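**Q** what shape does this take:
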Amino acid sequence: ISGTPSGTSSQNYTVTVTNACGSTTKTISITVRQAPSSLNYSSNTATYCTNVAISDNTATYSGSAATSFSISPALSAGLSLNTSNGTISGTPTAAKAATNYTITVNNQCGSTTEVVSITVNATPTITGVTGNSRCGTGTVALSATASSGTINWYAASSGGSSLGTGTSYTTPSISDTTTY
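**A** As a prediction, the model looks like this:
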């Protein structure tokens, strides 16, 4: 049997040997595989936030089935690479500047690589608040600090319209206990 394979396939062939005493038949199977190529990710440039689960970043490629996937350098803390199907998943726990990761898919015939850029930004947290009180009707000065981002002031615990932005806020004239 000779030739140049042009695709991926499996084929059974029967071989017979014959002489004056009889014949014997054997079946052999030939499988043609292709090296992986054209590795791509659902997001080749991804930005994630700490402590927020990511949507799976899935791999696609051409060629025969993969035997393994690998990545270099190691992913940010909390993220992982599934070494069977190449999916990046998890919940990042540490901020990290944009980093290029080289991902390799392997099979019996070869390998191919793709570079994926991942940035992990810190999810902002409120690090301090200073309330205030007053006697009688009037305005009250409030302040807050945050790890990053813009501080927005609201009169409701969730939703509603922003009353202002910044590290300090002076209420309108109030006469009852109010939460901001």
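**Q** quick one, helices of the protein?
**A** With DSSP state H as the criterion, the chain has no helices.
**Q** so for stretch 71-81, what gets flagged as buried?
**A** Neighbour counts using 16 or more other Cβ atoms under 10 Å place 71, 75-76, 78-79, 81 of stretch 71-81 among the buried residues. C-beta here means a position set from N, CA and C on the backbone, and glycine is covered the same way.
**Q** now do the closest residue to residue 67 other than its chain neighbours, the pLDDT please.
**A** Leaving aside its chain neighbours, residue 67 sits nearest to residue 107 (5.0 Å; criterion: Cβ to Cβ, 6 or more residues apart in numbering). Residue 107 is assigned 94 on the pLDDT scale.
**Q** what about residue 107, neighbour count?
**A** Neighbour count of residue 107, defined by other Cβ atoms under 10 Å: 18.
**Q** lowest-confidence one in the buried residues of stretch 71-81?
**A** residue 76 (93).
**Q** nearest to residue 4, of the buried residues of stretch 71-81?
**A** residue 71 (33.9 Å; Cβ to Cβ).
**Q** the closest one is in contact with residue 105, isn't it?
**A** No - Residue 71 is not in contact with residue 105 according to Cβ atoms under 8 Å; the separation is 10.6 Å.
**Q** hmm, back to that, dig out what the residue nearest to residue 67 forms beta bridges with.
**A** residue 110 (DSSP bridges).
**Q** isn't it right up against residue 39?
**A** No - assessed by Cβ under 8 Å, residue 107 is found out of contact with residue 39, at 11.7 Å.
**Q** thank you, goodbye.
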